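> Below are the sequence and a predicted model; questions follow.
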Amino acid sequence: MVIKSPQDFGAGILFILFGAVGLYVGSDLSFGSARNMGPGYFPMIICGLIALIGLIVTAKSLAIEGPAIERIRFRPIIFILLAIAAFGILISEIGAVISSILLIMFAAYARRDVNPIETVVFAVTTAAFVVIIFVYALGQPMPVWWGR
Amino acid sequence: MEVFEHLATGFMAAGSIENLMFCLIGVVLGTLIGVLPGIGPIPALAILLPITFGLDPLSSLIMLAGIYYGAQYGGSTTSILVNMPGEASSVVTCIEGHQMARKGRAGAALAIAALGSFFAGTIGTVFIAAFGPPLASIAQQFNSPDYFALMLLGLVMAIVLAHGSVLKAVAMVLIGLLLGLVGTDINTGLTRYTFGLSGLWEGIDFLPLVLGLFGIVEIIRNLENPPSPREAISTRMRDMWPTKKEFKEAYPAALRGTGLGSLLGILPGGGAVLASFASYTLEKKISKNPRKFGTGAVEGVAGPEAANNAAAQTSFIPLLTLGIPSNPIMAIMMGAMIIQGIQPGAAVMTTRPDLFWGMVASMWIGNLMLVVINLPMIGIWVKLLSVPYRLLYPAILLFCAIGVYSTSTEPFMMVLMIVFTVFGYILFKLGCEPAPMVLGFILGPLMEENLRRSLVISRGDPTIFIDRPISATLLVATVLMLCLIIFPQFRKTREEAFQEE
């Protein structure tokens, strides 16, 4: 068995997984009948279709040439996700200003060749700017500093 | 004339100082984000969505609409000056617009795009005002089977218009439908697919979903493959006036584009993308000198730009009268309306006429603002293109995160955003286009409910969909569309059309 189209193969497997998990989790829901659709009726049909398409896409990927999956670069996605996670965990504890600065610092390191001084200056100004807009101009309720 | 009375109501509502200001802010912010290379209207709307939540419904809708066509106009500017399309509807503008710019006619191309868009926007607004109410009364004859058939057609159209593989687009729509069903089933009160998480009881939150899929994935994509720095062609205000010859070539094309765009915008699945491609093809076909296309044909800028703006306006019609979004962008608008507590549909026009007509009037005001502000401010937009990406993306990311936090302080929202970022990233790596998924996500619960009701009415007999004339017509159209996808000849043109990106 040779995979001729890695992108499609991956997509096919993803769809099959999605459909299978959907069918498994949804199997607890009562299916009902066309006349009286249960909560499981529509989702089960959809999950079945997703899995079916997954099978077709996978089968096609073994037969027809297609594009390879581009190399995954871990640096950008990991730092971007870290930045969001840090912000989400910390904002309620230490307030919007510092968590915003942290988010920008983390995000900046998603690239190589970071200029630390520029990043710090930029982080502080942007955080100030964004807090002024959201908290003072738009009146969004969020803690500006810690201890509240 | 009733239309003018309605429009007067609308201008009264939209013309308040406050709403004019929100319209202005929306248009400027939309352009600001839309100008950034690689960011089309969908990510622009997603990123700016949170700042509209604190406003009252009319102001927030006015601002969102402003953001939408601001972003679209900003995208055209980037296409013309840098040859980098933000999304599919500006691809066409790139072809001729950038060629004009290279010949030293950048200013004229921008002016023609702006004036063409403004003209089309004006007609589009009149179109909504004239056809909105009659369509809303037709909508009242719509029954569950008709709604179901209409949504099916819309989804099939979304598949036809998606990039890349048809099968994958079908799967994306289906996954969107399934994600839309997560949460409490309204009929039985049972929770579905919540995996025991209380944060999912009310369904998957819209904002973290769109921000993750479109805003943040876009950032990661750009970081992985940094867009090669391209010199923006500079232009000055006084070079902007088109020559007489250019004007003469442009205005009939803009007229045709407006007509075509207005019609295509109303269709399920229609919208800016379809309209600009159709208009470009039309101009090329009827031109006496088709060979000049590709070398900076004025018609190739005026027509598609007018068409995409007209369609952007009229695609609000199905949303506002039937409550059904016809394309992913309208799905985002609908998501925003629901968050504001408004269920879009024919009822809006009668229960909240100020809202409906205010929004219609604001569209025209917004288009006027675009012309008045953007042409003189072109220098600023060009400067913005030179802001390095290393500074832009952390700021955009912060904007997304604060936006989510400001709508809900639940840490779970951030988790959802991270989950959808990862999911969107995987989809990107596997060559799946997420836009049709949003349409499915919004339509999921509506489709299920209408299918259930239809089958209750008919006691489980599926022929109800063929017996009713409206749904039968829509289903025939759906089947025709499906045939088009399968029919090899059309498939080829579809692939070619997207090849140019």
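Alright, I've got the coordinates.
> Look up phi and psi at B:Gly183.
Per-residue torsions, B:Gly183: phi 120, psi -160 (degrees, to the nearest 10).
> typo on my end, it should be B:Ile204
phi -70, psi 130.
> give me the low-pLDDT residue ranges for chain B?
B:1, B:38, B:84-89, B:227-232, B:234-239, B:488-501 (pLDDT under 70).
> Run a quick neighbour tally on the closest residue to B:Met334 other than its chain neighbours.
Of all residues not flanking B:Met334 in the chain, B:Pro325 sits nearest, at 4.6 Å (Cβ to Cβ, 6 or more residues apart in numbering or on different chains). No exception for glycine: its C-beta is placed from N, CA and C like everyone else's. Look at B:Pro325: counted by other Cβ atoms under 10 Å in any protein chain shown, it has 29 neighbours.
> State the phi and psi torsions of B:Pro325.
phi -70, psi 140.
> quick one: it and B:Met337 touch, right?
No: the criterion here is Cβ atoms under 8 Å, and B:Pro325 misses it with B:Met337 at 9.7 Å.
> can you list the residues of the stretch 101-250 of chain B near chain A?
B:165, B:167-168, B:170-171, B:174-175, B:177-178, B:181, B:185, B:187-188, B:190, B:192-193, B:195, B:216, B:219-220, B:223-224 (Cβ under 8 Å from any Cβ of the partner chain).
> mind listing what the residue most central in space within chain B touches?
In chain B, the residue lying closest to the centroid (Cα atoms, centre = their mean) is B:Ile329, at 3.2 Å. By Cβ atoms under 8 Å, 6 or more residues apart in numbering or on different chains, the contact list for B:Ile329 reads B:41-42, B:45, B:68, B:271-272, B:312, B:315.
> So which of those belong to helices?
Among the contacts of B:Ile329, the members falling in helices (DSSP state H) are B:41-42, B:45, B:68, B:272, B:312.
> Pick the one among these closest to B:Ala136.
B:Ala312 (20.0 Å; Cβ to Cβ).
> what's that closest one in contact with, if anything?
B:68-69, B:72, B:124, B:265, B:271-272, B:329 are the contacts of B:Ala312 under Cβ under 8 Å, 6+ apart.
> Am I right that B:Ala297 is in a strand?
No: applying DSSP: H, G, I helix; E, B strand; the rest coil, one finds B:Ala297 to be coil, outside a strand.
> hmm, back to that, looking at the contacts of B:Ala312, which two lie furthest apart in space?
B:Gly124 and B:Ile329 (14.7 Å).
> In chain A, where is pLDDT below threshold?
The low-confidence ranges in chain A, as defined by pLDDT under 70, are A:147-148.
> didn't B:Phe356 look like it was pressed against B:Pro133?
No: B:Phe356 lies out of contact with B:Pro133 (Cβ under 8 Å); the separation is 9.4 Å.
> of these two, who's got more company?
B:Phe356 (29 against 18).
> check contacts around the residue lying closest to the more buried one once chain neighbours are set aside.
Nearest non-adjacent residue to B:Phe356, counting by Cβ to Cβ, 6+ apart: B:Met349, 4.7 Å away. Applying Cβ under 8 Å, 6+ apart to B:Met349 gives the contacts B:132-133, B:136, B:320-321, B:356.
> what's the helix or strand for B:Met349?
helix B:346-351 (DSSP states H and E).
> Name the residues of that helix that are buried.
B:346, B:348-349 (16 or more other Cβ atoms under 10 Å in any protein chain shown).
> Next: stretch B:187-196.
For stretch B:187-196, the neighbour count (16+ other Cβ under 10 Å) marks B:191-194 as buried.
> Just flag the most distant two among those residues.
Between any two of the buried residues of stretch B:187-196 (Cβ to Cβ), the greatest distance is 8.0 Å, for B:Thr191 and B:Tyr193.
> Pull up the overlap in contacts between those two.
With Cβ under 8 Å, 6+ apart as the test, B:Thr191 and B:Tyr193 both reach B:183, B:200.
> Show me what from the stretch 301-450 of chain B comes close to chain A.
B:390-391, B:393-395, B:397-402, B:405-406, B:409, B:411, B:413-415, B:417-418, B:421-422, B:425-426, B:429-432, B:447-448.
> picking up where we left off before, filter the contacts of B:Ile329 down to the buried ones.
B:41-42, B:45, B:68, B:271-272, B:312, B:315.
> Nearest to A:Ile104 among those?
Looking across those and measuring by Cβ to Cβ, the closest to A:Ile104 is B:Leu45, at 23.1 Å.
> which residues does the closest residue in space to that closest one that isn't next to it in sequence contact?
Leaving aside its sequence neighbours, B:Leu45 sits nearest to B:Ile332 (Cβ to Cβ, 6+ apart; 5.0 Å). Residues near B:Ile332 by Cβ under 8 Å, 6+ apart: B:42, B:45-46, B:49, B:210, B:438.
> mind redoing it with 10 Å?
Neighbouring residues of B:Ile332 by Cβ atoms under 10 Å, 6 or more residues apart in numbering or on different chains: B:41-42, B:45-46, B:49, B:64, B:68, B:206, B:210, B:214, B:325, B:435, B:438-439, B:442.
> Okay, and it sits in which element?
Per DSSP H and E, B:Ile332 falls inside helix B:328-339.
> same deal with B:Val28?
Using DSSP H and E, B:Val28 falls in helix B:17-35.
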